[in-house]
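Student: Here is my input; please provide its structure:
(chains A and B)
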Number of protein chains: 2
Amino acid sequence: MLAILLISGFFSFGQNKKTQPNIIVFLVDDMGWQDTSVPFWTKVTDFNKRYHTPNMERLAREGMKFTNAYAMPVCTPSRVSLMTGVNAAHHRVTHWTSPDKDKNTDFADSTLNSVDWNINGFSPVAGIPHTFYGTPLPAILNQAGYYTIHSGKAHFGSAGTPGSDPKNLGFQVNIAGNEIGHPASYLGEKNYDNAKNGKPSRNAVPGLEAYHGTDVFLSDAITTEALKALEKPVNDKKPFFLYLAQYAVHVPLDADKRFMSKYLKAGLDSTEAKYAALIEGMDKSLGDVLNFLDDRKIADNTVILFMSDNGGLSLTPQRGGNAWTHNLPLKGGKGSVYEGGIREPMLIRWPGVVKPKSVADQYVIVEDFFPTILEIAGVKNQKIIQQIDGKSFLPILKNPSFKDENRELVWHHPNRWIPAEGPKIHFSSAFRKGDWKLIYDYRKGKLELYNLKNDIGEQNDLALTNPQKVKELALLFTKQLKKWDAQWPTYKQNRKVVPWPDEVN
Amino acid sequence: MLAILLISGFFSFGQNKKTQPNIIVFLVDDMGWQDTSVPFWTKVTDFNKRYHTPNMERLAREGMKFTNAYAMPVCTPSRVSLMTGVNAAHHRVTHWTSPDKDKNTDFADSTLNSVDWNINGFSPVAGIPHTFYGTPLPAILNQAGYYTIHSGKAHFGSAGTPGSDPKNLGFQVNIAGNEIGHPASYLGEKNYDNAKNGKPSRNAVPGLEAYHGTDVFLSDAITTEALKALEKPVNDKKPFFLYLAQYAVHVPLDADKRFMSKYLKAGLDSTEAKYAALIEGMDKSLGDVLNFLDDRKIADNTVILFMSDNGGLSLTPQRGGNAWTHNLPLKGGKGSVYEGGIREPMLIRWPGVVKPKSVADQYVIVEDFFPTILEIAGVKNQKIIQQIDGKSFLPILKNPSFKDENRELVWHHPNRWIPAEGPKIHFSSAFRKGDWKLIYDYRKGKLELYNLKNDIGEQNDLALTNPQKVKELALLFTKQLKKWDAQWPTYKQNRKVVPWPDEVN
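Tutor: Have a look, this model is predicted:
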C-alpha cells in the first residue's frame, strides 16, 4: 500500500503481457557453496557426496550453473541488494538488521568504532531514520503487470518500519514474512514458536496458523502456501513474480524428520545430519515448485533463479565438526569476506533461452538480480529512485561463455558480527577484478591479495610478492568506495578514520 | 508477601537457632541416573566413563549416595512434590505446566481423554483455578528463622498465578526464577534470550541483566548470584535455605564452551558433547557451592541435598545417537514411568551426621524431601494446609542400611506428553513395593510386573508368570490411588472411566 502510493506515476509501462515470462526467485538462507550434490567446483567434493539435492541437480541439468556467483557475507545486505540493485557499500545496510527497531546488531570491538550504518534496513518510504530508501523490485514488477507473491523469510527492515512488511514493497501476497531473520522453530508441532495464548515469541514465524499443531516442517508450509497463492495468477493467465525465500537452512538446526534417517545411517554427526536434512527439505521445496510448473504446463514460460544469501555457517558449536571447515575448499564461512562467506550456489532455468547443462564462470553478484529480472520482465524506462549498481546477467544467460574480466565487485562489511574472532568475519572488505581478489582488514590495516584462478582456497597471500597488483587494485577499490561514499570505521583510541585501502603501504 | 500473609499465625516456632543447620537443595533439571561419573548402579557404565562430574564424586565421597531415589517422569510434578510433600496423584499437578495461564500442555490422544489436572501448577494462595493449594516448604523454613534464597528455575506455577513467583512461596530472594520451564538460551551473549529493546521472548530467563552481553553461561550466572546472596545470612550468622535449581541440563543444548573441547576430542557426537558439557557446567556450579562453604568455614553446619527432577531426556533428534538409549541400563527416559524416566542421581552430605562414602539402597521419592528437610531444620508442630505423603529419610541418613520393604511408591501420569509414542511416556502409572514394580498402561488396559532387583532394565515382564503378585500389588495400588482421589482418564469413544488397576484381569 505504502509502496504503491510511493511509486505510482513513476513508471511508463505498456509491456506486452504475452512476452512477460513468469519469474521465480528461490532464495535460500545461509546455504554454502558446497551444501549440495551439485558440484560447483572443478572437482566433486566430499560435501557434494554428503548432501542430497536432486532438484538442484535437475535445475542444473535443465539450466545454467554459475560457478562464480556472489552475495554479501551476511543476510540483510544481500536481500536489500537483491530488492534494490544497489551494492551494500552504497545502500549502507552493511550488516544484518535486528527485528527490533533502532537496535544496532554490531558487537562492540576494542579497536574500532562501528559506522553509522542503516540499522533499520530497507524502506520503500522516504524519511524513515536509519533506512535505505529505494524503489523495490516487486513494486516495479507489480506495476508492470506481474502478480507478486512473497513466501518465507523477508528480513528487509526492522519492526515498526515500513520495510518490515513485504506488502509495503509491492508484494500483493505475503506468506510468513516480517522483520525476523530466522525462525525460533521450524516445527509445526511447536507452532513455529508461536504461543497459543501467552506472550508472543520474539522469533515466531507469522501467519501459518493453519499448520500449528501439525507435523508440517516450515520449509514445506511456506512452499504449500506459495503454490496455493500461485493458483490465482495461473488461472487468470497473468504473469507472476514469486519470491520464495526459505528460512532454511539458518539455525536452529531443527530436524526435518522426513530426511534425517539416511544421514544418521551414513554416520554423520547428529548436528550435521540435521543440517543435511534441512538442506534436503529445502531441495524438496524446490522440487515441489518444479513439479507445480510441470503440472500447470507453465514451466516453459517460467524463469527460475536459485540463489543463497551468504556463505554457509561454519561456527561451532552451531555446526558439528571443526569450525571453518564446512565450506572447503573455500576459506571461512558466513560473516567472512573470504570466498566461504560470499560464494553462492546459483542456478537459473529458462526454457528456450538458457541452454540446458550450461555452465557460466563469469562472476556475478546479488545486486545483479535486480536489473536482470527487470530485463527479463521487459520493464524499460522505469523511474527508480536509487542508482543501480548491479549489471544484468541476461547476456550470460544467452551465452554462457560471456566474459567480462574488467567487472569490479565490492564487498563492504565495516561491522563486527559476533563476539568471537574468525577468518575476516569482522571489519573487512574485499574487491574482485578478473581472477584477482584484494581483501582489506581494517583492524590490522593490512591488505591481502589472492589469485582465485590458482588459489580458490585463498591460502597464498600474494601481497608481498605482487605489490604492483595490490596497488592497482587498492586504487580501483578505494575509488569505487569513495564514489559510493561508503562508510568507514574510526579508531577507538583517537577517533581518526581508518586508512583507505590505497593509503595502506 | 502473599505467602507470608497466608501462613502467619499458623506456626509455633521457638527453634533453637544454634541447632538449625544451613540447608541447600541443589536440583538439576532433566538429569538422568547415568549422566555422571558417579556410578549409581552396581557396575561402572560407559556413561559413567563419558561424563565428568568431579564435584558429584566429591559429594559421594563425603556423603551418602542413594541408589534408589525417585522423582516424577516430568518436571513440575516433582517440583510441586518437593515444595509440598505431596504425591503427584494427590496434588494433581500430574504434568508439566505451561508458562501461560490456563493452557493445558497435554497433547490430544485418539484413545483417551485427558484428566482435568491442575494445569496452572502450585499456588500458595487458595482459590486460584486449576492449582494445588498448599503451604510451601520455603515459607515454613522462613517462618522458622531461615533466610531463604531461590536461584535458577522455579516452574511451580503459570504466569499470572501466585505460584509463578518464588517470592510468593516464602523465598526472600529470587534469582532468575519464574513460570518458565526451560531457558530459550543459556548464553550471556544472547542475553539469555531477552531482547534489549523489542518484544520480550517467551522463554527468556528473567533478572540476570548484569550478565547480558557477557560470555557467562547461565549455569554459572545463577551460581554466582546465589553465592552473592548467601553473604548476607552468612555474615548475619543466620541459618539459610538455598534452593539452587539449575536450568541445566534441559534442552536447548547450548554449548558451555568451558567444557566442550574434551568431549569433542573424545569423539563424542556433537549433540552429546554439548550435553556432556552442560552436565559438567552444572557440576562446576556444585563445586563452586562446595568451595564457598569451605571458604566461609560453614561446610560442617550445612546439609546439601543433590537431586534431579526426572529422568534424562532420550528423544532424538534432541539428543544424539538412538532414542531411548541414553539411560541404559534403565529403560526409557524423561516422560516414562519406566526406571529411565524416574530414577535419579541423589547425593546428600551432612558432616557429622551422614557417614562419608555411605550408600543407601532404600527407595525414596521426591516428596520425601519436604518432611526430611523440616526434620533437619527442627521444625515441629507446624500447621500445614496439605496432608503430607512423603516420609522423612532422616533415619536413612543416620543409618544407610535402613530398610523398609513395605513402603509403597506411586507415579501417576494420566497425560499425553508429546505427539510421538515412546516407552510408557503417555497415560501410564506405576507402583513400587519392595523390589516389585507394577506398571499400568491405561490405553492398553494392561499391567506389567517387574522385579527390579533381578531386572533393573525392566526387560522381563512377569505379569503372566506371577499373577498372584500382580493382583496383590494392583489392589494396593488402586487402594492408594482411590484414597488420594487420583484422577483417572476416560475413553474417547464412550466417555467411560478407564478400569482401575485392580479391575484389569
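Student: And chain A, what are its domain boundaries?
Tutor: A:2-6+A:21-398, A:408-503 (automatic domain parsing).
Student: where along the stretch 401-505 of chain A do the strands fall?
Tutor: Counting by DSSP state E, counting those that start in this stretch, the stretch 401-505 of chain A has these strands, from start to end: A:408-416, A:426-433, A:436-441, A:446-451, A:490-491.
Student: residues of the fourth one that come out buried?
Tutor: What that stands for is strand A:446-451. A:L447, A:E448, A:L449, A:Y450, A:N451 (16 or more other CB atoms under 10 Å in any protein chain shown). For every residue, glycine as well, the C-beta is placed using N, CA and C.
Student: Could you list every helix and strand in contact with it?
Tutor: strand A:436-441, helix A:467-483 (3 or more CB pairs under 8 Å, 6 or more residues apart in numbering or on different chains; DSSP states H and E).
Student: next one: the longest one to chain centre, how far?
Tutor: So the one you mean is helix A:467-483. 26 Å (CA atoms, centre = their mean, to the nearest Å).
Student: cool, the shortest one as well?
Tutor: Taking CA atoms, centre = their mean, one finds strand A:436-441 lying 21 Å from the centre of the chain it belongs to.
Student: Give the other helices and strands that that strand contacts.
Tutor: Looks like strand A:436-441 contacts strand A:426-433, strand A:446-451, helix A:467-483 (3+ CB pairs under 8 Å, 6+ apart).
Student: any idea whether A:F306 is helix, strand or coil?
Tutor: strand (DSSP: H, G, I helix; E, B strand; the rest coil).
Student: could you list every residue that touches the residue positioned nearest the centre of chain A?
Tutor: Geometric centre of chain A, nearest residue: A:D309, 1.9 Å, by CA atoms, centre = their mean. Residues in contact with A:D309, defined by CB atoms under 8 Å, 6 or more residues apart in numbering or on different chains, are A:L27, A:V28, A:D29, A:D30, A:A71, A:M72, A:C75, A:S78, A:R79, A:E344, A:V366.
Student: repeat for A:V216
Tutor: A:V216 makes contact with A:G188, A:T224 under the criterion CB under 8 Å, 6+ apart.
Student: go on, A:L293?
Tutor: Applying CB under 8 Å, 6+ apart, we find A:L293 in contact with A:A299, A:T302, A:I304.
Student: Just the element for it, please.
Tutor: helix A:270-295 (DSSP states H and E).
Student: Can you give me the pLDDT of the closest residue to A:S185 other than its chain neighbours?
Tutor: Using CB to CB, 6 or more residues apart in numbering or on different chains and skipping the chain neighbours, the partner closest in space to A:S185 is A:D193 (4.1 Å). As predicted, A:D193 sits at a pLDDT of 89.
Student: For chain A, what lies in contact range of chain B?
Tutor: A:98-103, A:159, A:184, A:189, A:193, A:195-203, A:215, A:252, A:254-255, A:257, A:260, A:269-274, A:316-317, A:319-321, A:418-419 (CB under 8 Å from any CB of the partner chain).
Student: Quick one: buried ones out of those residues?
Tutor: Buried among the residues of chain A next to chain B by 16+ other CB under 10 Å: A:98-101, A:103, A:159, A:184, A:189, A:193, A:195, A:198, A:201-203, A:252, A:254-255, A:260, A:269-274, A:316-317, A:319-320.
Student: Filter those down to just the ones in strands.
Tutor: Among those, no member falls in strands (DSSP state E).
Student: which ones among the residues you listed are found in helices?
Tutor: A:M260, A:S270, A:T271, A:E272, A:A273, A:K274 (DSSP state H).
Student: So what touches stretch A:265-281?
Tutor: Counting by CB under 8 Å, 6+ apart, A:31, A:35-36, A:50-53, A:186, A:217, A:219-220, A:248-249, A:253-260, A:263-264, A:317-321, B:269-272, B:316-317, B:319-321 sit against stretch A:265-281.
Student: Need the mean per-residue confidence for that stretch.
Tutor: 96.
Student: Helix, strand, or coil at A:V303?
Tutor: strand.
Student: ok, it touching A:I348?
Tutor: Yes. Here A:V303 reaches A:I348: they are 7.0 Å apart, a contact under CB atoms under 8 Å.
Student: which of those two has more neighbours?
Tutor: A:I348 (25 against 22; other CB atoms under 10 Å in any protein chain shown).
Student: Parallel or antiparallel, list what pairs with the helix or strand harbouring that one.
Tutor: For A:I348, the host element (DSSP H and E) is strand A:343-349. When sheet partners are counted by DSSP bridges, strand A:343-349 sits next to strand A:64-70 (antiparallel), strand A:302-308 (antiparallel).
Student: Now render these as JSON lines, adding distance to A:I388 and mean pLDDT.
Tutor: Listed next are the strands paired with strand A:343-349 as JSON lines, based on distance: least, CB to CB, whole Å; pLDDT from 0 to 100:
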{"stretch": "strand A:64-70", "distance to A:I388": "17", "mean pLDDT": "98"}
{"stretch": "strand A:302-308", "distance to A:I388": "17", "mean pLDDT": "98"}
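Student: Including distance to B:R432, could these go into a markdown table?
Tutor: Conversion of the strands paired with strand A:343-349 to a markdown table gives the following (distance: least, CB to CB, whole Å):
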| stretch | distance to B:R432 |
| --- | --- |
| strand A:64-70 | 64 |
| strand A:302-308 | 55 |
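Student: Go through the ones you listed and name the closest to A:I149.
Tutor: strand A:302-308 (13.1 Å; CB to CB).
Student: Which positions in the closest one come out as buried?
Tutor: A:T302, A:V303, A:I304, A:L305, A:F306, A:M307, A:S308.
Student: ok, now how distant is the fifth one from chain B?
Tutor: It refers to A:F306. Per CB to the nearest CB, to the nearest Å, A:F306 is found 27 Å from chain B.
Student: and that residue, what does it touch?
Tutor: A:F26, A:V28, A:M56, A:L59, A:L286, A:P345, A:M346, A:L347, A:I348.
Student: what about it, distance to A:L244?
Tutor: A:F306 is 10 Å from A:L244, where distance means CB to CB, to the nearest Å.
Student: for the first one, same thing?
Tutor: A:T302 is 12 Å from A:L244, where distance means CB to CB.
Student: and what of the fourth one?
Tutor: As judged by CB to CB, A:L305 and A:L244 stand 10 Å apart.
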